[in-house]
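mind looking at a prediction? Sequence and model below.
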Amino acid sequence: MFIITKEVYFCYGHRLMNHAGKCRNLHGHSVKAAISIASEQLNDHAMVCDFSEIKQCVESYIDEYLDHNFLLHKDDPIMPVLHANNERFLALDEHPTAEVISKMIYQHIKKSGFNVTQVTLWETASAYACYQEN
Ligand SMILES: Nc1nc2c(c(=O)[nH]1)N=C([C@H](O)[C@H](O)COP(=O)(O)OP(=O)(O)OP(=O)(O)O)CN2
Ligand SMILES: [Zn+2]
């Protein structure tokens, strides 16, 4: 089994509503996501796939939904204020944790046809979440 991993970098603002500590406050992160793709065999170029194919797939999703966006739970009371001021945000059914964001990226890559095995999201230099299935 071959596994390749591509890293991408992006930023977002968020807050964790009802969090007991400092993460209940509006704040932001400059994050790294690592996307791992597996294959039993290599293609004619001796690759699982080109790193640039992963980059293109994941960056188009990240640019549209996550990068320099404000990620909020759908019940967050700040949303009407952002809306009234034409500020960009994304309302999620779940709290915008590293776990949830890594799963969002995973599901997009899987839906795009890649044999993704894991997405890891470093929200800070010392804290990261992984999402995988099976
Ligand atoms: N399981 C999770 N726990 C926390 C998440 C998360 O997404 N999943 N998110 C946060 C905050 O949004 C933020 O990431 C803060 O993380 P934390 O490591 O606590 O913050 P610091 O970098 O300031 O860590 P220190 O070690 O205290 O310096 C919180 N928890
Ligand atoms: Zn945070």
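Ah, there it is. This structure is a prediction, so every number in the text was calculated from the model and none was measured. Ligands and ions are numbered 1, 2, ... in the order given.

can you map out the strands along the chain?
2-14, 27-39, 69-73, 90-92, 116-124, 127-131 (DSSP state E).

which stretch among these comes nearest residue 110?
Evaluated with Cβ to Cβ, these place strand 116-124 nearest to residue 110, the distance being 5.2 Å. Bear in mind the C-beta positions are built from the backbone N, C-alpha and C, glycine included.

which residues does stretch 26-43 contact?
With contact meaning Cβ atoms under 8 Å, 6 or more residues apart in numbering, stretch 26-43 is reached by 1-15, 48-49, 54, 58, 62, 78, 98, 102, 105, 109, 114-124.

how about stretch 59-68?
Contacts for stretch 59-68 (Cβ under 8 Å, 6+ apart): 8, 10, 11, 12, 33, 88, 90, 101, 104, 105, 108, 109.

closest to ligand 1 among the residues you listed?
Using Cβ to the nearest ligand atom, residue 101 comes nearest to ligand 1 of the contacts of stretch 59-68, at 7.7 Å.

mind putting the contacts of stretch 59-68 into TSV with neighbour count and distance to residue 39?
Output for these, formatted as TSV (neighbours: other Cβ atoms under 10 Å; distance: Cβ to Cβ, whole Å):
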residue	neighbour count	distance to residue 39
8	17	20
10	18	26
11	13	31
12	20	31
33	23	20
88	9	37
90	16	32
101	26	25
104	22	23
105	24	19
108	20	19
109	21	14
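
show me which pair in the residues you listed is furthest apart.
It's 88 and 109 that sit farthest apart of the contacts of stretch 59-68, by Cβ to Cβ, at 23.2 Å.
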